[in-house]
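S.K.: from the sequence below, what's the structure:
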Amino acid sequence: MATEVAENGGDVQLTADERKVYDRQIRLWGYDAQKKLRTSKVLLIGLQGLGAEIAKNLILSGIHSITLKDHTDVSILDTCSQFLIGHDSQERNRAKASVVAAQKLNPNVVVTADTTPIDENDENFVKSFDVVIATECSPTIYEKLNKHCKQANVKLFIADVYGLFGYMFQDIGFNLSTYDTVFPNYRTSSSEIECKREIAYYLTSSLLMFYCFFKRKPNPETCEEDIDELKSIISSLEGASEIPDEYYSELFCQLSPATSIVGAMVAQTATNAIMGKSLKNYNLYFYDHINHQGKFEKY
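M.R.: Okay, here's the model as predicted:
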């Protein structure tokens, strides 16, 4: 039986079974670090391929609980990378459809589903968690979550994957720019940016603006029209360089190679933050599939 989280800040000891399960991890980062993971409560928003990867890694690490939050139904696009949903699943909601397989990964972790849209929760909702990880949301939702998590002193990670390209933003209480300061340009069709930045930054900005304009991500069924729209958005960004066409051709669905890489990075960075080993000097990570490179940045 799994250890219960101690109330009122009391100490928590791992059971003999947990020590056995997490033996290799304890050897890697220590018993005290594993205890910190064991008491952490995580909210994960968005259960497409990226969310599945993040959930898998966090559950295997030995956190106390994870709430899988997604109000959408399973779609054909989930077959590209969402491995928690069985092909014979009769459950239509993505979060509920992911619970059984997720729970089997580690019986010591409490796995639950929440089907309420995040925009229907108030600012107090995040206070029930130690870490919030948000994917597949609109930029305005990300901005609100950043504000609410900062007020509640809750660690926040925002991430998304577009085809073979992906990014992560973290706000864990350090003196770095918040989400809407890093990406100020999704509110209007053009915006001045202080200095020359990476191609990945402008590509992420254009994808966020696309979501604001069309209330969706780029879609394989309308790929040609969507690419034209993205190119137009890029051209409106002050300081943006021309982005090679090869980037645009692989921005559709969430493909397994990218979800594996970005998902692992999100989970690793989140577990490090829980254990008090945060990567303090960076708030952005980009995975550039054209250059086969993952890179942290500070904005």
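S.K.: quick one: the residue lying closest to residue 71 once chain neighbours are set aside and residue 69, what's the gap?
M.R.: Closest residue in space to residue 71, ignoring its immediate chain neighbours: residue 117 at 4.4 Å, by C-beta to C-beta, 6 or more residues apart in numbering. Heads up, the C-betas are built off the backbone N, CA and C, glycines and all. The gap separating residue 117 from residue 69 is 9 Å, by C-beta to C-beta, to the nearest Å.
S.K.: so between those two, which is more surrounded?
M.R.: A count of neighbours by other C-beta atoms under 10 Å puts residue 69 above the other of residue 117 and residue 69, at 25 against 14.
S.K.: could you find the closest non-adjacent residue to that one?
M.R.: Leaving aside its sequence neighbours, residue 69 sits nearest to residue 114 (C-beta to C-beta, 6+ apart; 4.2 Å).
S.K.: just confirm the one you found contacts residue 66, I think it does.
M.R.: No: here residue 114 does not reach residue 66: they are 10.6 Å apart, not a contact under C-beta atoms under 8 Å.
S.K.: more crowded one of those two?
M.R.: Between residue 114 and residue 66, counted using other C-beta under 10 Å, residue 66 has the larger neighbour count: 26 against 19.
S.K.: can you tell me the SS state at that one?
M.R.: Residue 66 falls in the strand class when you classify it by DSSP: H, G, I helix; E, B strand; the rest coil.
S.K.: ok, the closest residue to it other than its chain neighbours to residue 97 distance?
M.R.: Closest residue to residue 66 apart from its sequence neighbours, by C-beta to C-beta, 6+ apart: residue 42 at 4.6 Å. As judged by C-beta to C-beta, residue 42 and residue 97 stand 19 Å apart.
S.K.: what does residue 184 give?
M.R.: 36 Å.
S.K.: for the two, indicate the residue with more neighbours.
M.R.: Counted by other C-beta under 10 Å, residue 184 and residue 97 do not tie: residue 97 has more neighbours, with 24 against 15.
S.K.: can you pull the contacts of that one?
M.R.: Residue 97 makes contact with 74, 84, 85, 86, 89, 91, according to C-beta atoms under 8 Å, 6 or more residues apart in numbering.
S.K.: if we go to 6 Å?
M.R.: Contacts of residue 97 were listed using C-beta atoms under 6 Å, 6 or more residues apart in numbering, and they are 74, 85, 89, 91.
S.K.: same check on residue 256?
M.R.: So residue 256 contacts residue 81 (C-beta under 6 Å, 6+ apart).
S.K.: for it, phi and psi?
M.R.: When read as degrees, to the nearest 10, the backbone of residue 256 gives phi -50, psi -40.
S.K.: likewise the one 4 residues further on?
M.R.: When read as degrees, to the nearest 10, the backbone of residue 260 gives phi -60, psi -40.
S.K.: and what of the one 4 residues further on?
M.R.: As for residue 264, its main-chain torsions (degrees, to the nearest 10) stand at phi -60, psi -40.
S.K.: distance of it from residue 204?
M.R.: According to C-beta to C-beta, residue 264 stands 19 Å off from residue 204.
S.K.: again with residue 19
M.R.: Taking C-beta to C-beta, one finds residue 19 at 42 Å from residue 204.
S.K.: between the two, which has more neighbouring residues?
M.R.: Neighbours were counted for residue 19 and for residue 204 using other C-beta under 10 Å; residue 204 has more, 23 against 13.
S.K.: now do the SS call for residue 35.
M.R.: Going by three-state DSSP: residue 35 is helix.
S.K.: test for you: state the pLDDT assigned to it.
M.R.: We have a pLDDT of 92 for residue 35.
S.K.: neighbours around it, how many?
M.R.: 19.
S.K.: report the contact partners of it.
M.R.: residue 12.
S.K.: and the strands in the stretch 151-299 of the chain?
M.R.: Per DSSP state E, counting those that start in this stretch, the stretch 151-299 of the chain carries strands over the ranges 155-162, 165-171, 284-288, 293-297.
S.K.: whichever helix or strand residue 113 is part of: what's the following helix or strand?
M.R.: Using DSSP states H and E, residue 113 sits in strand 110-114. Toward the C-terminus, strand 110-114 is succeeded by strand 131-135 as the next helix or strand (DSSP H and E).
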